[in-house]
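> Make a model of this:
(one chain, ligands or ions: 1)
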Amino acid sequence: MIETVTNLDALRARVGEWKRAGLRIGFVPTMGNLHAGHHSLVKLAREHADCIVASVFVNPTQFGPDEDFARYPRTPEADAAGLEASGCDVLWLPSVDTMYPYGAAQAVHLRVPGVTDTLEGAHRPGHFDGVTTVVARLFNQVQPDVAVFGRKDYQQLAVIRYMVRDLAFPLEIVAAETKREADGLAMSSRNQYLSAEERPVAAQIHRTLLAMRDGIVSGESRAAVERNAASHLRDAGFDVDYAVVRTPELVEPEGASPIGPRVALIAARLGKTRLIDNLEFEAGTAQRA
Ligand code: PAF
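Numbers count the residues shown, from 1 in each chain. Take a look at the predicted model:
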């Protein structure tokens, strides 16, 4: 049976027992409304640890004033059942007061420089400050040996890795592959905002990423690839925030070797739903996923 813990002292007691028994603790932070993508993070954590904690906390500090904090889907019973089925031991369910004892507005804030200035950071000012502010707290609360984050949030993963290294958190970060629906749409809690008409159109994001990869691999210029991607998405009905090709460090590849690792990233809005996705590939080879 999964144990649901809402009190920090109780969490510390459980984690302390495990640590004294020499067990390795795996952690999966989430905002709930869990789907097969989250369950795969728990299963991956199991491969790296003996005991698994997953947190569900819809973190107010990472949402902008006009974003979907209030309507973000909250499904605690289904989340607990899904976590139990995927092998999670403890569901950590902190309240806002536990997470932010001085209140969210008075919280000590963390800011990772550089990598947060671009893409999601540019389109969602303050978002990554909220993410690092809460993830650092979660790490202090759970004290995991390993924490699993999805590659779907590519930039978030880079920001977390930076924070862990810079603040010397004594834990390992493991990245999990993106889980996709049959038509390629990356699994996301926000997919359920899509209307029946929008849902098949949303798969164009993954198709566009594949086309971006193919364009770069076959020698098209990055500018042309990005322009065509944005224009294709607009024709399909999206408002495009970005459709770009970057190095793994998320910088523009000018000056980088024409051969090497790249990531294509898209953020686009379909109606009221903002979707993000990415695709990692090797430039200069004919690799196909
Ligand atoms: O990726 C998410 O669900 C959130 O950004 C995280 C890491 C749980 C922090 O609130």
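
> Tell me where the stretch 101-250 of the chain is predicted with low confidence.
Within the stretch 101-250 of the chain, no stretch has pLDDT under 70.

> how about the residues of it near the ligand?
Applying CB under 6 Å from any ligand atom, we find that the stretch 101-250 of the chain lies next to the ligand at 131, 134, 135, 153, 156. Heads up, the C-betas are built off the backbone N, CA and C, glycines and all.

> Does the third one touch residue 163 like I think?
Same thing as residue 135. Yes: the pair residue 135 and residue 163 qualifies as a contact (CB atoms under 8 Å) at a distance of 7.2 Å.

> Could you check which of the two is surrounded by more residues?
Of the pair residue 135 and residue 163, residue 135 is the one with more neighbours under other CB atoms under 10 Å, namely 25 against 21.

> residues contacting that one?
Counting by CB atoms under 8 Å, 6 or more residues apart in numbering, residue 135 makes contact with 29, 160, 163.

> and which of the residues you listed is nearest to residue 246?
Minimum distance to residue 246 across these is 17.5 Å, recorded for residue 160 (CB to CB).

> Check the secondary structure at that closest one for me.
Taking DSSP: H, G, I helix; E, B strand; the rest coil as the rule, one finds residue 160 in the helix state.

> so what's residue 215 closest to, chain neighbours aside?
Nearest non-adjacent residue to residue 215, counting by CB to CB, 6 or more residues apart in numbering: residue 225, 4.0 Å away.

> and the one you found, how many neighbours does it have?
For residue 225, the neighbour count with other CB under 10 Å is 22.

> Would you state the helices of the chain in chain order?
8-20, 36-48, 76-85, 96-99, 120-123, 127-142, 154-166, 198-202, 204-217, 222-235 (DSSP state H).

> Distance from stretch 272-289 to the middle of the chain?
Distance of stretch 272-289 from the chain centroid (CA atoms, centre = their mean, to the nearest Å) equals 15 Å.

> Residue 248 against residue 278, yeah?
No: with contact defined as CB under 8 Å, residue 248 does not count as touching residue 278 (10.7 Å).
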